[in-house]
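*Asks:* Got a sequence here, can you build the structure:
(one chain, ligands or ions: 3)
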Amino acid sequence: MGQLVPPTVPRISKFDISLAFSKALDMVSPKIVDHQKRVALISAYLAEEVALDGFVLSMRERHDLIIAGLLHDIGAVSVVERLSILQYDTQENDHATNGAKFLRKAKMFTSIAKIVHYHHQSWRDSAGASDGSLSVPFASFIVRLADRIEVLIDKSDLILNQVGAIRSCIQAGAGRHYHPVLVDAFLRLAEREAFWLDIVSPDLDARIKRKMSTRRRVLTVDELLDIAHMFAIVIDLRSEFTATHSFGVAATAGALGRHMGLDETHCRLIEVAGYLHDIGKLIIPQAILEKKGSLEKDEYNKIKTHTYYTFSTLSEIPGMREISEWAAYHHEQINGQGYPFHLPGEMLSTESRILAIADKFVALAEDRPYRKAMPEAEVIFEMRNFANEGQIDKDIAALLIDRFDDIDAARKRAQGKETKIINMLDLKQNKPRKQPEFA
Ligand SMILES: [Fe+2]
Ligand SMILES: [Fe+2]
Ligand SMILES: [Fe+2]
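*Replies:* Numbers count the residues shown, from 1 in each chain. Ligands and ions are numbered 1, 2, ... in the order given. Take a look at the predicted model:
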């Protein structure tokens, strides 16, 4: 069995976790790859340029702007929605309202939520500057323009061939769709080949990081938990059948840790892994996640990729290496037969074993597209079988069975809480729905 020493509190920044999440959201289709990152980079360029006209953003505002760019489409749950908002003249802006609702669930993202809320607001000769008594952040107009510049780019053609057409299209919207000062700033940027080559560079991360100051505040454990909690809602909403799964896994894993006597910070970090363990599911088409019948080989293979993408997404976040292993090894098995790494039992830490048990337990105890939730006796029977087959850790499984009522109550409370949060979000239109989808 792995170590039980409390891990050192990881040093993770809001920017780094946002960058990783942005990437995961944009992996859903090749047509969307890096859309939000490019919007973040164009926004940073616009902010720098417009400062020369006296519209100066503070360092904090620039940070928020870049993170808002990275996450501005977080409210579009399905691939269909994501593709529809890539049309230049899309009228769809429910995803902006929904995105702001998600982001407001984490305290650290409150100011970013406001920017995202209005990222489809047109300037309309300054009428767009306010929404009733509320003023629309200038940063929203930056993201608005950056977003439309990005969708005009044909990624299959040389960017410098497209400059004239993109300039004219944006110029035609000055004053009506876009803040005129920002259009002027863009026209100056558009003179420079380096601007265009930068925004289509395959190495966007480095370019975006250069636009951030080096001082990035490290998150406290509570802040990290709060952000993971918010992302879990987005992950779970990809399918109505998993709509509370991540909350259930986080609560079960945390409860197991507490019963094992792990210290509170350690348990909270395990909960972070629980909230994020299925982040790789963001790239699985909704139609497969919700399929009622048995899966075709190709579909099963697609589902199997999710833990790999959980690992690649989380392990890239500086400071997140350990948590990424706890989260991504939840389909590894003690007998070495799990996926995607086929790690032998000795390589699986206690925390990874806890997560694997929590994931299996919650999956059995909740409704799935192909079956109803199992009653307690059946759940216990299945968990015993998994332990006997060497799929999961015997001692931790025995603990779960021994403290079943207590742990199951914690799971139910957490899943009930997520249902309540989702209902209160009152998302517009794009609640998960069954629809043909492609990725
Ligand atoms: Fe967008
Ligand atoms: Fe999973
Ligand atoms: Fe899961």
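
*Asks:* so after the one helix or strand residue 382 maps to, what's the next helix or strand?
*Replies:* Using DSSP states H and E, residue 382 sits in helix 376-388. Heading C-terminal from helix 376-388, the first helix or strand you meet, by DSSP H and E, is helix 394-402.

*Asks:* which of the residues in whatever helix or strand comes next after that following helix are buried?
*Replies:* Using DSSP H and E, the helix or strand that follows helix 394-402 in sequence is helix 404-425. For helix 404-425, the neighbour count (16 or more other C-beta atoms under 10 Å) marks 407, 408, 410, 411, 414, 415, 418, 421, 422, 425 as buried. Quick note: C-beta positions are derived from backbone N, CA and C, even for glycine.

*Asks:* Same check on stretch 204-216?
*Replies:* In stretch 204-216, counting by 16+ other C-beta under 10 Å, buried: 204, 205, 207, 208, 211, 212, 216.

*Asks:* List the ones among the residues you listed that fall in helices.
*Replies:* 204, 205, 207, 208, 211 (DSSP state H).

*Asks:* among these, which are within reach of ligand 1?
*Replies:* Counting by C-beta under 5 Å from the ion, nothing from those sits close to ligand 1.

*Asks:* other SSEs contacting the helix holding residue 382?
*Replies:* helix 350-365, helix 394-402, helix 404-425 (3 or more C-beta pairs under 8 Å, 6 or more residues apart in numbering; DSSP states H and E).

*Asks:* just checking, next helix/strand downstream of the helix or strand encompassing residue 308?
*Replies:* Take DSSP H and E as the rule and residue 308 turns out to sit in helix 297-315. Sequence order places helix 321-328 as the next helix or strand after helix 297-315, per DSSP H and E.

*Asks:* quick check, that following helix touching ligand 3?
*Replies:* No. Residues of helix 321-328 contacting ligand 3 under C-beta under 5 Å from the ion: none, with a closest distance of 9.6 Å.

*Asks:* Figure out how far that helix is from the centre of its chain.
*Replies:* In this view, helix 321-328 has its centroid 16 Å away from the chain centroid, taken as C-alpha atoms, centre = their mean, to the nearest Å.

*Asks:* same deal with stretch 154-164?
*Replies:* Relative to the centre of its chain, stretch 154-164 is centred 29 Å away, using C-alpha atoms, centre = their mean.

*Asks:* which other residues reach that stretch?
*Replies:* Contacts to stretch 154-164, defined as C-beta atoms under 8 Å, 6 or more residues apart in numbering, come from residues 152, 153, 190, 193, 196, 197, 199, 200.

*Asks:* quick one: low-confidence parts of the stretch 201-350 of the chain?
*Replies:* Filtered on pLDDT under 70, the stretch 201-350 of the chain yields the residue ranges 214-215.

*Asks:* Tell me the residues of it that contact ligand 3?
*Replies:* residue 278.

*Asks:* Where do the strands of the stretch 101-250 of the chain begin and end?
*Replies:* 130-131, 134-135 (DSSP state E, counting those that start in this stretch).

*Asks:* Please render those as CSV that adds mean pLDDT and distance to ligand 3 to the earlier fields.
*Replies:* Formatted as CSV, those follow (pLDDT from 0 to 100; distance: least, C-beta to the ion, whole Å):
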stretch, mean pLDDT, distance to ligand 3
strand 130-131, 94, 39
strand 134-135, 93, 39
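
*Asks:* Identify each buried residue in stretch 39-59, please.
*Replies:* Buried-residue list, stretch 39-59, by 16+ other C-beta under 10 Å: 39-47, 49-50, 55, 57.

*Asks:* er, stretch 222-230 actually
*Replies:* Neighbour-count burial for stretch 222-230 [16+ other C-beta under 10 Å]: 223, 224, 225, 226, 227, 228, 229, 230.

*Asks:* leaving aside the residues next to it on the chain, what's closest to residue 333?
*Replies:* residue 391 (4.5 Å; C-beta to C-beta, 6 or more residues apart in numbering).

*Asks:* one step back: mind putting the buried residues of stretch 39-59 into TSV with secondary structure and pLDDT?
*Replies:* TSV is the format used below for those (DSSP: H, G, I helix; E, B strand; the rest coil; pLDDT from 0 to 100):
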residue	secondary structure	pLDDT
39	helix	98
40	helix	98
41	helix	98
42	helix	98
43	helix	98
44	helix	98
45	helix	98
46	helix	98
47	helix	98
49	helix	98
50	helix	98
55	coil	97
57	coil	96
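
*Asks:* Identify, from the residues you listed, the entry nearest to residue 362.
*Replies:* residue 40 (34.0 Å; C-beta to C-beta).

*Asks:* for the closest one, what are its contacts?
*Replies:* 22, 66, 67, 68, 69, 70, 146, 208 are the contacts of residue 40 under C-beta under 8 Å, 6+ apart.

*Asks:* Now it. Nearest residue, chain neighbours left out?
*Replies:* Nearest non-adjacent residue to residue 40 (C-beta to C-beta, 6+ apart): residue 69, at 3.1 Å.

*Asks:* circling back: helix 350-365 and the helix holding residue 382, what's the angle between them?
*Replies:* Put simply, helix 376-388 runs at 140 degrees to helix 350-365, going by axes from the mean of the first three to the mean of the last three C-alpha atoms, to 10 degrees.

*Asks:* Please give me every residue in contact with whatever residue of the stretch 151-300 of the chain ends up closest to ligand 3.
*Replies:* Using C-beta to the ion, residue 278 is the residue of the stretch 151-300 of the chain that sits closest to ligand 3, at 4.4 Å. Shown in contact with residue 278 (C-beta under 8 Å, 6+ apart): 235, 242, 245, 246, 249, 306, 310.

*Asks:* If you drop the residues flanking it in sequence, what lies closest to the second one?
*Replies:* Of all residues not flanking residue 242 in the chain, residue 236 sits nearest, at 5.4 Å (C-beta to C-beta, 6+ apart).
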